[in-house]
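S.K.: Any chance you could fold what I've pasted below:
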Amino acid sequence: MPIKVNDNLAAIVQLQEEGIFTMTEERANNQRVRPLKVCILNLMPLKKPTEIQLLRLLGNSPLQIEVDFCRTVSRETTHTDNSYLDRAYLEFKDVKNRYYDAFLMTGAPVETYAFENVDYWQEIVAYLDWAEFHCYSTMTLCWGAQAALYHYYGVNKTVLPAKMFGIFPYGLTVRNHPLLRGFDDRYFIPQSRHTAVDDDAIDACKALQVLSRSVENGINICATKDLRRIFVLGHFEYDRYTLADEYYRDKKKGLPIAIPEYYFPDNDTTQQPVFKWRSYAHLFYMNWLNIVYQDTPYDLTQLAPANGDKLNKALNEYNRILLQLQQLGADIKK
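M.R.: The predicted structure is shown next:
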């Protein structure tokens, strides 16, 4: 929650420079408050564990939050009982005329497919386009972030030589950013993916700001400067044993899988994994909710699209076309 302070207090400027949320008396006296509405498109096969992971983080806030979970229908799930989904989940037809303060889209185990070859790709496109006019802030995770970067800006993905699997450190690239308020200079986040985004394309995209990266693994978090779109290439929401469960599952199936890096003490799988990203996960989600709370309109029907002015929309389209031409040129050279 923001700090309400006297309008004339000298500390206001310094606090704002450090990314600390402050609210003037004038704004506090005129502010209308209501619950934040969050829509989550859960693409993970094991939906119930993902629900717990995300709600655990969203619930660690003094704000009152209303959450709706959504699913795709183009491909029938085989890992979660459909009768449960019918009771607990909404479909696009249920939310297409609704408005939310925030929209969150998870990752999905479809990284090695071309985006257009994913069974439910057209549904993903529908949700992302809908979010432009119906949600104040959109956050996408892992493959979901890759899909959103591709749809909005034409940023493509590449297959990694080996799966990125473990707990990896990243450094902050923007000082005192409100989304990363309270983070150390270096933080940790779980990774479990076979693909990476084109960092050069993101760096060249004027609509995006890189917030963290590492020399070894590239960009981790990027966003638009107005924070209407946030892309997280990893899984803050994972709990202590998520990577262990994935490792043992693949071992049991006889699939090639390495021990998760920087996860088990001394790579000893008999020891308890070190939970060294939990505080960053809670900080990150609390910061996001606080940003949404500060900036979202009281009347959500008045939402303007993210980057909705003509100049920004033209710039986004320019970046998309430019990246496609660059990729075409690279393919021709090959």
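
S.K.: List of residues touching the helix or strand where Lys48 lies?
M.R.: Element membership for Lys48 (DSSP states H and E) is helix 47-58. With contact meaning Cβ atoms under 8 Å, 6 or more residues apart in numbering, helix 47-58 is reached by 38, 40, 42, 44, 65, 67, 69, 71, 77, 79-80, 84-85, 89, 104, 106, 236-239, 242, 281-282, 284-285, 289. All C-beta spots, glycine's among them, are computed from the backbone N, C-alpha and C.

S.K.: can we see that at 6 Å?
M.R.: 42, 44, 65, 80, 237, 239, 281, 285 (Cβ atoms under 6 Å, 6 or more residues apart in numbering).

S.K.: how far out from the middle of the chain is stretch 223-236?
M.R.: Mean-position distance between stretch 223-236 and its chain equals 5 Å (Cα atoms, centre = their mean, to the nearest Å).

S.K.: in that stretch, what counts as buried?
M.R.: In terms of neighbour count (16 or more other Cβ atoms under 10 Å), stretch 223-236 has its buried residues at 223-224, 227-236.

S.K.: and which of those residues is nearest to Leu141?
M.R.: Val232 (5.1 Å; Cβ to Cβ).

S.K.: Backbone dihedrals for that closest one, both of them.
M.R.: The phi/psi pair for Val232 (degrees, to the nearest 10) reads phi -120, psi 110.

S.K.: is it in a bridge, and if so with what?
M.R.: Beta-bridge partners for Val232, by DSSP bridges, are Leu141, Ile221.

S.K.: Just the contacts of helix 47-58: which are in helices?
M.R.: If you go by DSSP state H, these have 281, 285 in helices.

S.K.: Please, a ChimeraX command that selects the buried ones among the contacts of helix 47-58?
M.R.: Those of the contacts of helix 47-58 that count as buried under 16+ other Cβ under 10 Å are selected in ChimeraX with:
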select :42,44,65,80,237,239,281,285
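
S.K.: Lowest-confidence entry in the contacts of helix 47-58?
M.R.: Ranked by pLDDT, these bottom out at Thr80, which has 78.

S.K.: what about the residue lying closest to that one once chain neighbours are set aside, how many residues close to it?
M.R.: Ranked by Cβ to Cβ, 6 or more residues apart in numbering and with sequence neighbours excluded, the top spatial neighbour of Thr80 is Lys47, at 4.5 Å. Neighbours of Lys47 under the rule other Cβ atoms under 10 Å: 21.

S.K.: quick one: which of the contacts of helix 47-58 is nearest to Lys157?
M.R.: Lys157 lies nearest to Met44 out of these, by Cβ to Cβ, at 18.4 Å.

S.K.: okay, now Gln53: neighbour count?
M.R.: Gln53: 19 neighbours (other Cβ under 10 Å).

S.K.: And the pLDDT at it?
M.R.: pLDDT for Gln53: 94.

S.K.: Can you show me the strands along the stretch 1-150 of the chain?
M.R.: 3-5, 22-24, 36-41, 65-70, 100-105, 135-141 (DSSP state E, counting those that start in this stretch).

S.K.: got CSV for the ones you listed, with distance to Tyr262 too?
M.R.: Shown next, in CSV, are the strands of the stretch 1-150 of the chain (distance: least, Cβ to Cβ, whole Å):
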stretch, distance to Tyr262
strand 3-5, 36
strand 22-24, 37
strand 36-41, 28
strand 65-70, 31
strand 100-105, 26
strand 135-141, 20
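
S.K.: Can I get the contacts of helix 47-58 in a markdown table including distance to Ala131?
M.R.: Output for the contacts of helix 47-58, formatted as a markdown table (distance: Cβ to Cβ, whole Å):
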| residue | distance to Ala131 |
| --- | --- |
| Asn42 | 15 |
| Met44 | 19 |
| Ile65 | 17 |
| Thr80 | 23 |
| Glu237 | 19 |
| Asp239 | 27 |
| Ala281 | 23 |
| Tyr285 | 18 |
